[in-house]
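[1] Provide a 3D model corresponding to the input given below.
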Amino acid sequence: MERLPYSTDKINACMILGNITEFSGHLHPLIVHLPIGFILLAWIFNILAYSKKYENLSHAGSVTLLIGFISAVFACVFGYILSRSGDYDLSTLNHHKFSGIMLAAISGFMYFISTGRVKKEMFIPGKLFSVLLFGLILLLSYSGHQGASLTHGSDYLSMRILQQEVRDKPASVATAMIYEDVVAPILQQKCARCHQGGKQKGHFSIETLQTLLKGGNTGAAVVAGKPYESELFKRVTLDPGHKDFMPADGNPPLTETEVQIIKWWIEKANAVDGKMIAQLKYTDNIKPKIGAYLGFNKDTPGQGDEKKNLPGVNQDIPLQADTTLVNHLRTKGLMVRIMLQKPLMLDVTLPINSGIKIVNIKNDLTPLAKNIIWLNLSGNNFTDNDLTLLKSFTNLEKLRLEKNPVTDKVSEELVALKHLEAVNLNETKITRQAIENLKKNSAIKRIYTWGTAVSGISD
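    Have a look, this model is predicted:
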């Protein structure tokens with residue numbers, strides 16, 4: 001057998017090293033604030049030291065400059081690592097990189113000439129030192145501005161922001177501009193962090209409709225009239241666990257209402273701008289959703305009628321829930337996607353082989369049980385006894401239990417779920433008896449049984 005050039009252990013070691021390197025780059029936004037604080041503090045100490053009451057602070061200023069220099073060096077190292085992992089505007093990145101290196105070098109020099117030994121051998125007027133230190137503050141401000149431009153856009157802190165006109169809220173849904181008042185704000189809120197200004201992952205920008213239509217590395221982001229050929233729509237509707245799901249990096253996903261608005265804009269409105277809702281066709285079904293997004297009282301149903309104006313929405317789902325419970329689920333290691341805000345509809349996934357026991361998350365899931373519409377517990381070694389809590393998920397529509405050692409007994413928990421449409425039992429220990437039990441629930445349309453004693457898929 002031909003010997004492979006690298007062993008599995010070496011490959012795994014390389015992968016771990018790569019993950020550590022990527023993680024260390026993510027420390028840059030944390031570390032970069034340290035030199036900012038310490039250099040500013042050194043400048044404040046220097047100004048206060050002109051007063052006899054605080055003249056001893058001149059010594060503290062020297063130590064503070066040393067800490068600022070050391071932290072600036074670390075910020076440069078981790079910043080360089082981070083720059084290799086993202087798609088940033090090259091010009092802005094180079095300006096930020098060069099100014100950051102100069103900041104570290106000059107702060108080190110300033111510390112050096114502020115030490116007692118150097119002062120004895122080389123006289124530097126105090127006012128000249130203060131001027132140099134103020135120049136360091138200006139360089140710090142410039143470098144910080146370039147960094148903000150990378151992450152938030154080139155106009156994040158500019159005269160354009162002061163001069164630009166804020167769009168007034170439209171008087172009604174009919175007079176709302178579909179792109180300017182609805183679609184663009186959705187994209188700005190959910191996508192701008194990674195796809196605007198100096199940071200354009202995949203060389204894709206949502207800054208204007210033109211850049212949006214152009215797309216990025218993967219081709220056209222929006223194909224008018226064809227949402228399923230539009231990369232933008234495909235990415236925001238992927239499974240949240242998929243590597244290409246957007247928004248990435250733990251940023252809040254689009255709600256179900258926002259997704260439906262984006263789809264309608266591409267499919268029915270042909271991805272236009274400059275058009276009011278009243279000027280477009282096929283608006284009857286989308287108007288309530290646009291009204292809800294824009295917050296119109298006359299279009300946004302009240303507490304009693306809200307779900308009645310949303311076609312196809314289960315009337316049993318609670319309108320609201322404690323959002324702190326949602327965040328708590330995420331801290332426990334579960335992925336939670338908000339599908340719709342009102343009523344609050346949740347898609348909850350426990351990562352495969354998470355090692356998390358049901359007993360550790362049961363009390364967190366139960367208060368939100370009626371709001372959970374999709375639930376994925378696949379591949380976590382759960383047994384029938386672990387899943388007795390499923391009976392409380394009365395509004396569940398899709399359930400994935402594949403690759404768990406469950407038996408026919410689990411089907412007894414699902415028979416009473418009157419909204420359950422699909423259940424995945426692939427690679428479990430069920431038999432034909434489970435199928436017979438599930439057939440008692442007329443709502444279930446799809447039962448997946450591949451890799452079990454039951455052959456094929458029963459519909």
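[2] helices or strands up against the helix or strand harbouring C76?
    Using DSSP states H and E, C76 sits in helix 57-83. Other elements packing on helix 57-83 under the criterion 3 or more Cβ pairs under 8 Å, 6 or more residues apart in numbering; DSSP states H and E are helix 8-25, helix 28-31, helix 33-48, helix 90-114. (Glycine included, C-beta is placed from N, CA and C.)
[3] mind listing what N380 touches?
    L350, I352, N353, S354, I356, N404 (Cβ atoms under 8 Å, 6 or more residues apart in numbering).
[4] typo on my end, L66
    Contacts of L66 (Cβ under 8 Å, 6+ apart): Y111.
[5] please redo it, this time with the cut-off set to 10 Å
    F38, A42, S107, G108, M110, Y111, F112, S114, T115 (Cβ atoms under 10 Å, 6 or more residues apart in numbering).
[6] ok, the fourth one - how many residues close by?
    For G108, the number of neighbouring residues by other Cβ atoms under 10 Å comes to 16.
[7] tell me how many other residues surround the nearest residue to it once chain neighbours are set aside.
    Of all residues not flanking G108 in the chain, F69 sits nearest, at 4.2 Å (Cβ to Cβ, 6 or more residues apart in numbering). Neighbour count for F69, taken as other Cβ under 10 Å: 23.
[8] and what of L329?
    Neighbour tally, L329, other Cβ under 10 Å: 21.
[9] so what's it up against?
    L329 touches M335, V336, L346, V348, L350, I361, D364, L365, P367, L368, I372, counting by Cβ under 10 Å, 6+ apart.
[10] what score does it have for pLDDT?
    Among the per-residue scores, L329 holds a pLDDT of 88.
[11] assign it to helix, strand or coil.
    Assigned by DSSP: H, G, I helix; E, B strand; the rest coil, the conformation of L329 is helix.
[12] distance of it from K190?
    Distance, L329 to K190, using Cβ to Cβ, to the nearest Å: 20 Å.
[13] ok, E412 touching I430?
    No - between E412 and I430 there is no contact under Cβ atoms under 10 Å: 11.6 Å.
[14] who touches both of the two?
    Common neighbours of E412 and I430 (Cβ under 10 Å, 6+ apart) are N437, L438.
[15] in terms of neighbours, single out the busier of these two.
    For E412 versus I430, neighbours defined as other Cβ under 10 Å are more numerous around I430 (24 against 16).
[16] with L103 as the reference, measure out to the more buried one.
    Relative to L103, and taking Cβ to Cβ, I430 is found at 64 Å.
[17] rewinding a little: of the contacts of L329, buried ones?
    M335, V336, L346, V348, L350, I361, L365, L368, I372 (16 or more other Cβ atoms under 10 Å).
[18] hey, what's the closest residue to the first one other than its chain neighbours bridged with?
    Excluding the flanking residues, the one nearest M335 by Cβ to Cβ, 6+ apart is T349, at 4.4 Å. On DSSP bridges, the residues paired with T349 through beta bridges are M335, N376.
[19] thought T349 was touching L377?
    Yes - in this structure, T349 is within contact of L377 by Cβ under 10 Å, at 8.3 Å.
[20] looking at those two, which is more packed in?
    Shown here are T349 and L377; by other Cβ under 10 Å, L377 has more neighbours (26 against 19).
[21] could you list the low-pLDDT ranges of the stretch 251-400 of the chain?
    Applying pLDDT under 70 to the stretch 251-400 of the chain flags residues 251, 297-312.
[22] show me the strands in it, by range?
    335-340, 345-349, 372-376, 398-400 (DSSP state E, counting those that start in this stretch).
[23] which other helices and strands does the third one contact?
    In this structure, strand 372-376 makes packing contacts with strand 335-340, strand 345-349, strand 398-400, judged by 3 or more Cβ pairs under 10 Å, 6 or more residues apart in numbering; DSSP states H and E.
[24] return the set of buried residues in that strand.
    So for strand 372-376, counting by 16+ other Cβ under 10 Å, buried means I372, I373, W374, L375, N376.
[25] out of those, flag the one nearest to S442.
    I373 (18.8 Å; Cβ to Cβ).
[26] burial of the residue nearest to D384 when sequence neighbours are not counted, as a residue count?
    Take D384 and drop its neighbours on the chain: the residue closest to it by Cβ to Cβ, 6+ apart is K409, 4.2 Å away. K409 has 17 neighbouring residues, counting by other Cβ under 10 Å.
[27] residues in contact with K119?
    Per Cβ under 10 Å, 6+ apart, neighbours of K119: S62, I113, F129.
[28] narrow the residues you listed to those that are buried.
    Buried, going by 16+ other Cβ under 10 Å: S62, F129, out of those.
[29] closest one of the contacts of K119 to E55?
    S62 (13.3 Å).
[30] not counting sequence-adjacent ones, nearest residue to that closest one?
    Using Cβ to Cβ, 6+ apart, the nearest residue to S62 is S114, at 4.2 Å.
[31] mind putting the strands of the stretch 251-400 of the chain into JSON lines with distance to E55?
    Formatted as JSON lines, these follow (distance: least, Cβ to Cβ, whole Å):
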{"stretch": "strand 335-340", "distance to E55": "57"}
{"stretch": "strand 345-349", "distance to E55": "61"}
{"stretch": "strand 372-376", "distance to E55": "65"}
{"stretch": "strand 398-400", "distance to E55": "70"}
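[32] now a ChimeraX select for only the buried ones of the contacts of L66.
    A single ChimeraX command selects the buried members of those (16+ other Cβ under 10 Å):
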select :38,42,107,108,110,111,114
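[33] looking at the contacts of L66, which is nearest M246?
    Closest to M246, out of all of these and judged by Cβ to Cβ, is F38, at 37.2 Å.
[34] give the closest residue to the closest one in space, chain neighbours not counted.
    Nearest one to F38, counting by Cβ to Cβ, 6+ apart, is G68 at 3.5 Å.
[35] for T324, list the residues it contacts.
    Counting by Cβ under 10 Å, 6+ apart, T324 has no contacts.
[36] in space, what's closest to S392 - neighbours in sequence excluded?
    A369 is the one closest to S392 (Cβ to Cβ, 6+ apart), at 4.4 Å.
[37] next: D386.
    Nearest to D386 is I358, by Cβ to Cβ, 6+ apart, at 4.2 Å.
[38] re the thing from before, the helices and strands packed on helix 57-83: which one's closest to E436?
    helix 8-25 (45.6 Å).
[39] quick check: mean pLDDT of that closest one?
    Helix 8-25 comes out at a mean pLDDT of 50.
[40] stretch 184-191 now?
    Averaging pLDDT along stretch 184-191 gives 82.
[41] okay, buried residues for it please.
    Those would be A184, I186, L187, K190, C191, for stretch 184-191 by 16+ other Cβ under 10 Å.
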